[in-house]
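K.L.:
For reference, the sequence and a predicted model appear below.
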Amino acid sequence: MNTLPPKANLDHLKKQAKELLRLYRNGNPAAIARFVLHLPAAARRTEKELLALQLRLHDAQSCIAREYGFSSWADLAAYVEASAFAYQEQAVLIRRWLSLAYGGDVTGSYDAARPRVAAQLLREHADLLTSDPYAACAMGRLDVISRTTTADPDWINRAGGALKLPPLVAVTHSCLGRLPEFAAGLRECAMHLLRTGANPNQRIGNRLPPASLATPDDKEPLSALYGAAGVLRDPLLTEMLLTAGADPDDGESLYHSLENPDCTRLLLQHGARVAGTNAIWRALDMPEPAALELLLAHGGDANEPAGPGVTHTWRTPLLRAIAVRRSRGHIAALLAAGADATARTGAGISAYRLATQVGLPEVTELLRAHGVQEDLTADDDFIAACGRADATEARRIQARHPTLPGSLSDDQLRLMPDAAAWGSSAAVKVMVELGWPIAARGGDWDATALNHAVFHGDAELTAFLLAHGASWRERHGYGDDVLGTLSWASLGEPGGSDNPDWIGCARALKAHGLPPVEQDPADPERLIVEGRVRRFSDAVTEVLLGDSGATPESS
């Protein structure tokens, strides 16, 4: 593994990547060997196979990053940028480091935390960073915290530092806790703070935009417990806080704990109430039914009405579970807990009919076992065939009923963007090929299939939809277009998708009529498209500007 120089220069590293790409394109054996050794997509490829991949600048940058021990160019760039502050003011370095250690709801930005980069910086600049006791909380430095509490006992309950955090919140919200080498140290710091009198219910207001660090949203409090159970999802830290008296009904912890049912179980055992948290509905986003089963076993209502954040179309958890194609286990748990098997959507579609439409025969079997069964129309059969991506059957039905899918209602047509939202790309392709309106809107945020594909980083589906007439100008329920979706996703890196490829989505958009993209003269990190200023991840920015070896210096 190569070692970065003490004062690494990002522009120099970009030039290294461009030179590597040039050598690769010229068939240089050493360059090709570097790609094979460091780039996962190139592993075990022959020279001919590797040249056929037509690697781009992003691939060269990824290779350079991995040669220096980073998992991505974005991590390398973030490290170089933050490391440069070590030679400037200490306060500036600490503030930049904290932005890598915490997520946007703490820092007041959309940027995702980068704990591995923060850890690398800490290894190389610990002498500068640990002088700040609030930063020491994020690192799990018990020695610094212990000295601070001895010198100033009131400090344990006083918010401060660059991010204005109470010490216990600073500990439990640090994303370094996701790294095994830091988890134990952060737990020790939390235990020390609690033993010396820290309030287990320390909290801050949410700073995620449109709120900010200066003007947090106190109506959405983020407690120390929420950090343990919902950010780090650490059962040991969660139990420690609950034992110390943390309130399990803080409005956030239960909802956000569901990705680790062990944390959910602890909260419920300590008296967390399910009602009013929207946790039942959130549990339907989990691929496994364990969290849902826990909530239902602790008083969760299988017929809980939809809250304000859930599309009114699905009036009950059962309907939502079917619409998002959850497992047979989810449906069985809801039915066993008393879910109304005869429930209907806002458009009057029954649970049974909805299950056929989204292609879930195992669910229709369950519903029949609960005494529910209906006769289906030709429209239902056509939609069901599309939902299970059975193009042959769908075409057979369409041949007998040539008005399909044009004769379907808007509520039925939304099943195509719904399929894109829940990851059923095969069903989307069948629907599009059979004439489904490409700009139909659906899903939780009233978006087109193209918006959903880009949000999830599904480059293949993005290219398919664009090739079949989808447009980047298609809008979604938050009022923006597909470029806005790409901006939010590439910067925020939302979870829920395996190996999202926002770079591939950007390339597909460029190949299908995206207007000229220029750098903002006032800020080289921002782009201008048709007069509108936008920001994307570094890698996506390079693609949109043009990711050949001739990419502008600021790419």
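P.N.:
Everything's here; your move.

K.L.:
can you pull out the strands in the stretch 451-555 of the chain?
P.N.:
For the stretch 451-555 of the chain, applying DSSP state E, counting those that start in this stretch gives strands covering 517-520, 523-529, 532-535.

K.L.:
lowest-confidence stretch among those strands?
P.N.:
Lowest mean pLDDT within the strands of the stretch 451-555 of the chain: strand 523-529, a mean of 86.

K.L.:
Show residues contacting it.
P.N.:
Applying Cβ atoms under 8 Å, 6 or more residues apart in numbering, the contact partners of strand 523-529 are 483, 514-520, 533-536, 541, 544-545, 554. To be clear about C-beta, it is placed using only N, CA and C from the backbone, and glycine gets the same treatment.

K.L.:
What residues of that strand count as buried?
P.N.:
Residues of strand 523-529 classed as buried by neighbour count (16 or more other Cβ atoms under 10 Å): 527, 529.

K.L.:
neighbouring strands for that strand, and are they parallel or not?
P.N.:
In the sheet, strand 523-529 lines up against strand 517-520 (antiparallel), strand 532-535 (antiparallel) (DSSP bridges).

K.L.:
so which of those strands gets nearest residue 172?
P.N.:
Nearest to residue 172 among these is strand 532-535 (29.8 Å), distances taken as Cβ to Cβ.

K.L.:
Can you list the neighbours in contact with that closest one?
P.N.:
For strand 532-535, the external contacting residues (Cβ under 8 Å, 6+ apart) are 483-484, 487, 491, 520, 525-528.

K.L.:
Dump those into CSV; add distance to residue 440 as well.
P.N.:
Listed next are these as CSV, based on distance: Cβ to Cβ, whole Å:
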residue, distance to residue 440
483, 20
484, 19
487, 23
491, 27
520, 34
525, 35
526, 32
527, 29
528, 30
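
K.L.:
Just the closest of those residues to residue 205, please.
P.N.:
Distance to residue 205 across the contacts of strand 532-535 (Cβ to Cβ) is lowest for residue 491, with 22.3 Å.

K.L.:
Work out for me the element residue 266 sits within.
P.N.:
Residue 266 belongs to helix 261-269 when assigned by DSSP states H and E.

K.L.:
Would you mind measuring from the spatially closest residue to residue 177 that is not a sequence neighbour to residue 226?
P.N.:
In space, and not counting its chain neighbours, residue 177 is closest to residue 232: 4.1 Å by Cβ to Cβ, 6 or more residues apart in numbering. Distance of residue 232 to residue 226, computed by Cβ to Cβ, to the nearest Å: 10 Å.

K.L.:
who touches both of the two?
P.N.:
Residues touching both residue 232 and residue 226 by Cβ under 8 Å, 6+ apart: residue 172.

K.L.:
thinking again about what came up before, ranking the strands paired with strand 523-529 by burial, who's on top?
P.N.:
Using mean count of other Cβ atoms under 10 Å, the stretch among these with the largest mean neighbour count is strand 517-520, at a mean of 16.

K.L.:
how far does it sit from the chain's center?
P.N.:
Its chain's C-alpha centre and that of strand 517-520 lie 27 Å apart, by Cα atoms, centre = their mean, to the nearest Å.

K.L.:
Equivalent analysis for stretch 56-71, please.
P.N.:
Per Cα atoms, centre = their mean, the centroid offset for stretch 56-71 relative to its chain is 22 Å.

K.L.:
Check stretch 481-491 too.
P.N.:
Worked out by Cα atoms, centre = their mean, stretch 481-491 lies 12 Å from the chain centre.

K.L.:
how about that stretch as PDB, C-alpha atoms only?
P.N.:
Extracted in PDB, the C-alpha atoms of stretch 481-491 (Å, rounded to 0.1, in the frame of the first residue of the first chain):
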ATOM      1  CA  ASP A 481     -36.600  17.100 -11.000                       C
ATOM      2  CA  VAL A 482     -34.300  14.100 -11.600                       C
ATOM      3  CA  LEU A 483     -31.100  16.100 -11.300                       C
ATOM      4  CA  GLY A 484     -32.300  17.200  -7.800                       C
ATOM      5  CA  THR A 485     -32.800  13.600  -7.000                       C
ATOM      6  CA  LEU A 486     -29.300  12.800  -8.200                       C
ATOM      7  CA  SER A 487     -27.900  15.600  -6.100                       C
ATOM      8  CA  TRP A 488     -29.600  14.600  -2.900                       C
ATOM      9  CA  ALA A 489     -28.800  10.900  -3.300                       C
ATOM     10  CA  SER A 490     -25.100  11.300  -4.300                       C
ATOM     11  CA  LEU A 491     -24.400  13.600  -1.400                       C
END
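
K.L.:
quick one: contacts of that stretch?
P.N.:
Contacts of stretch 481-491 (Cβ under 8 Å, 6+ apart): 110-112, 447-448, 450-451, 454-457, 471-476, 478, 500, 502, 505-506, 509, 514, 529, 534-537, 539-540.

K.L.:
Give me the subset of these that lies in helices.
P.N.:
Counted as lying in helices by DSSP state H, out of those, are 450-451, 454-455, 502, 505-506, 509, 539-540.

K.L.:
And these, which is closest to residue 121?
P.N.:
For those, with residue 121 as the reference and Cβ to Cβ as the criterion, the closest is residue 539, at 20.8 Å.

K.L.:
how many neighbours does that closest one have?
P.N.:
Per other Cβ atoms under 10 Å, the neighbour tally for residue 539 reads 22.

K.L.:
Closest to the centroid, which residue in this protein?
P.N.:
Using Cα atoms, centre = their mean, the residue of the chain that lies closest to the mean C-alpha position is residue 494, 1.4 Å off.

K.L.:
For that one, which residues are in contact?
P.N.:
Contacts of residue 494 (Cβ under 8 Å, 6+ apart): residue 455.

K.L.:
Pretty sure residue 260 sits against residue 236.
P.N.:
No. The criterion here is Cβ atoms under 8 Å, and residue 260 misses it with residue 236 at 11.4 Å.

K.L.:
ok, now how distant is the nearest residue to residue 340 once chain neighbours are set aside from residue 315?
P.N.:
Closest residue in space to residue 340, ignoring its immediate chain neighbours: residue 303 at 5.6 Å, by Cβ to Cβ, 6+ apart. Here residue 303 is placed at a distance of 9 Å from residue 315 (Cβ to Cβ).

K.L.:
what does residue 387 give?
P.N.:
For residue 387, the distance to residue 315 - Cβ to Cβ - is 20 Å.

K.L.:
Neighbour count for these two, which is higher?
P.N.:
The residue with more neighbours, out of residue 387 and residue 315, is residue 387; 25 against 18, by other Cβ under 10 Å.
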